[in-house]
Every structure is written in structure tokens, then in C-alpha cells.
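Visitor: next come a sequence and a model predicted from it.
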Amino acid sequence: MTKRLQQSLVSAIDASPILRVRAGARSDHRFIGIWAVVVNGRVFARSWMHKAGGWYQTFLDDPFGTIQVGDRQVQVRALRVRGTHPRRYRASLRKQIHDAGLHQIRARVSNQAPT
């Protein structure tokens with residue numbers, strides 16, 4: 001059974017503009033900031049570049065890593081959005097993740113607009 005992040009941690013991630021992540025337990029990656037969204041109580045992050053040696057590719061090779069939220073560092077295992085769920089469910093979840101990301105971008109842009 002997959003362990004879930006504590007709800008207080010998920011709420012802190014949701015409230016934070018950036019999630020700090022160190023990909024791969026066996027890598028020499030440093031903490032970097034990425035955008036993450038929370039959908040249905042689960043944390044999702046998307047890589048737009050898929051660079052060799054980047055955090056996404058590192059997690060594909062070694063799914064264990066660490067996230068940093070405030071003063072806390074928590075070991076995690078990254079999972080891809082796939083599996084035994086019906087295809088329609090996965091498509092719906094991907095759309096929710098995409099929409100949450102768009103909402104996050106729009107909110108950040110509107111907060112940075114000159115007054």
C-alpha cells in the first residue's frame with residue numbers, strides 16, 4: 001500500500017508558491033524549486049523541459065528523493081500518473097492537474113501585475 005503525505009504537509013505545499021525538491025536518493029542533485037499543485041489531496045508536479053539529468057529524468061531513474069516544505073525535509077517516492085485506473089479517470093485527473101496549474105499561473109501573474 002502506498003503511504004500518503006500528511007494532510008498538514010499537503011496543505012503547506014498547496015499554500016506555498018514553490019516546492020523544493022531533491023530528486024534521486026543516489027544522485028548528487030541539490031534542492032531546486034519547482035511548481036507543484038494539489039488535486040484531490042494529492043501533490044503533482046510537471047516537468048516542462050524533460051532535460052537529461054534534470055529532476056524529472058532523475059526521478060524516473062531513481063524515484064526516491066526529498067521534498068522541503070518550510071523547515072521540514074520529507075523523504076518521498078515519486079510516482080507517475082498511470083496505473084490500473086480506467087483511462088477515462090486518468091484523462092480526467094490529468095485535466096484537473098493541468099487546470100490547477102493554469103489557475104496557479106494566472107494567480108501568480110495577476111499578483112505580479114503593476115498597480
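Guide: Received it, and whenever you're ready, just let me know what you need.
Visitor: from here on, just use CA atoms for contacts and neighbour counts.
Guide: Noted.
Visitor: list the contacts of Phe44.
Guide: Counting by Cα atoms under 8 Å, 6 or more residues apart in numbering, Phe44 touches 36-38, 97.
Visitor: now the helix or strand encompassing it: buried residues?
Guide: Per DSSP states H and E: Phe44 is located in strand 42-45. For strand 42-45, burial by neighbour count (16 or more other Cα atoms under 10 Å) applies to 43-45.
Visitor: which other helices and strands does the helix ranked longest in the chain contact?
Guide: In the chain, ranked by residue count with DSSP state H as the criterion, the top helix is helix 87-112. In terms of contacts (3 or more Cα pairs under 8 Å, 6 or more residues apart in numbering; DSSP states H and E), helix 87-112 is packed against strand 36-39.
Visitor: contacts for the strand it packs on?
Guide: Applying Cα under 8 Å, 6+ apart, the contact partners of strand 36-39 are 10, 13-14, 18-19, 43-46, 96-97, 100-101, 104.
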